[in-house]
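Student: Quick one, what's the 3D model for this:
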Amino acid sequence: MTNEELNEKFAALAVAQAKTEYEIDKFIAGLAVSQAETDVKFMEAAESLKKVGTLLGNIADNNGSNAEDYFFNSLEDKPELGGVRYDTIVKNFFPKSKRGLGEFDIVMVNGESIALIECKYKAHLSDVEKLITKQVDSFKKLFPVYANFKFYLGIASFSFYPELEKFTKQNGVAILKQKGDVVEIEAENLKAY
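Tutor: This is a model prediction of the structure:
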């Protein structure tokens, strides 16, 4: 191969390499633009999801408030649970003391008993478990003066499923549910905690 042929081959290679580098640079620039567009779309989607999350949270809060209002209003004129009559009824009780914080949907009190009623739009097993295992202890911790009172528990909800009702009854927790324009209370197996 002559020098001239060799120079032509190198020149052709240099042109091909320059063309390839140009194509690679063009491709990388296209990827960068594409990535930027994807980032913008991702941020828009994230903002939309955040708004949906807020909306769903507001709906859940409203449903919970509706349940609390309904069951409180149903009990307000006749504060009674399982045949035990109460002198005082309080809704949305959020006590704060140096012993901690508490949150109780409905609290009814008389001279020897306290009823703690958890209100849910749709109750779940975990709601009853939490009521049994945490709410009584939390109340006693916040208010040691009531430590020797009898505690009765209730779960109020617009919706129950059979396994939940069975578990609730087996654990001596009253069931408060909507029945037409009145509340039906099942508290035959109610026990003091």
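Student: and Leu116, how many residues sit next to it?
Tutor: 24 (other C-beta atoms under 10 Å). In short, each C-beta sits where N, CA and C put it, glycine included.
Student: pLDDT score for it?
Tutor: For Leu116, the pLDDT comes out at 97.
Student: May I ask which helix or strand encompasses it?
Tutor: Using DSSP states H and E, Leu116 sits within strand 113-120.
Student: Same check on Tyr22?
Tutor: Assigned by DSSP H and E, Tyr22 belongs to helix 3-76.
Student: quick one, that helix and strand 113-120 angle?
Tutor: In terms of direction (axes from the mean of the first three to the mean of the last three C-alpha atoms, to 10 degrees), helix 3-76 departs from strand 113-120 by 140 degrees.
Student: who does helix 3-76 touch, helix- and strand-wise?
Tutor: Using 3 or more C-beta pairs under 8 Å, 6 or more residues apart in numbering; DSSP states H and E, the elements in contact with helix 3-76 are strand 88-93, strand 104-109, strand 113-120, strand 150-157, strand 174-179, strand 182-186.
Student: Could you report the neighbour count for Lys140?
Tutor: With other C-beta under 10 Å as criterion, Lys140 counts 18.
Student: Please apply the same query to the one 3 residues further on.
Tutor: Burial of Phe143, expressed as a neighbour count using other C-beta under 10 Å, amounts to 16.
Student: repeat for Lys9
Tutor: Neighbours of Lys9 (other C-beta under 10 Å): 11.
Student: Kindly state the pLDDT recorded for it?
Tutor: 75.
Student: if I pick it, what's in contact with it?
Tutor: Counting by C-beta atoms under 8 Å, 6 or more residues apart in numbering, Lys9 touches Met1.
Student: helices and strands of the chain: which one bottoms out on pLDDT?
Tutor: strand 96-97 (a mean of 64; mean pLDDT, DSSP states H and E).
Student: burial of Val183, as a residue count?
Tutor: Number of residues near Val183 (other C-beta under 10 Å) recorded here: 17.
Student: Could you give the bridge partners of it?
Tutor: Counting by DSSP bridges, Val183 is bridged to Gln178.
Student: where's it relative to Gly154, distance?
Tutor: Look at Val183 and Gly154: by C-beta to C-beta, to the nearest Å, they are 10 Å apart.
Student: joint contacts of these two?
Tutor: Leu176.
Student: List of residues touching the helix or strand just after the helix holding Tyr22?
Tutor: Sequence order places strand 80-81 as the next helix or strand after helix 3-76, per DSSP H and E. With C-beta under 8 Å, 6+ apart as the test, strand 80-81 has contacts from 75, 86, 108, 115, 117, 152, 154, 174, 185, 187, 190.
Student: Next, format those residues as JSON lines and append neighbour count and distance to Leu13.
Tutor: Below are these laid out as JSON lines (neighbours: other C-beta atoms under 10 Å; distance: C-beta to C-beta, whole Å):
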{"residue": "Leu75", "neighbour count": "23", "distance to Leu13": "90"}
{"residue": "Tyr86", "neighbour count": "19", "distance to Leu13": "95"}
{"residue": "Met108", "neighbour count": "22", "distance to Leu13": "91"}
{"residue": "Ala115", "neighbour count": "25", "distance to Leu13": "90"}
{"residue": "Ile117", "neighbour count": "26", "distance to Leu13": "85"}
{"residue": "Tyr152", "neighbour count": "24", "distance to Leu13": "91"}
{"residue": "Gly154", "neighbour count": "27", "distance to Leu13": "86"}
{"residue": "Ala174", "neighbour count": "22", "distance to Leu13": "88"}
{"residue": "Ile185", "neighbour count": "21", "distance to Leu13": "91"}
{"residue": "Ala187", "neighbour count": "21", "distance to Leu13": "92"}
{"residue": "Leu190", "neighbour count": "22", "distance to Leu13": "92"}
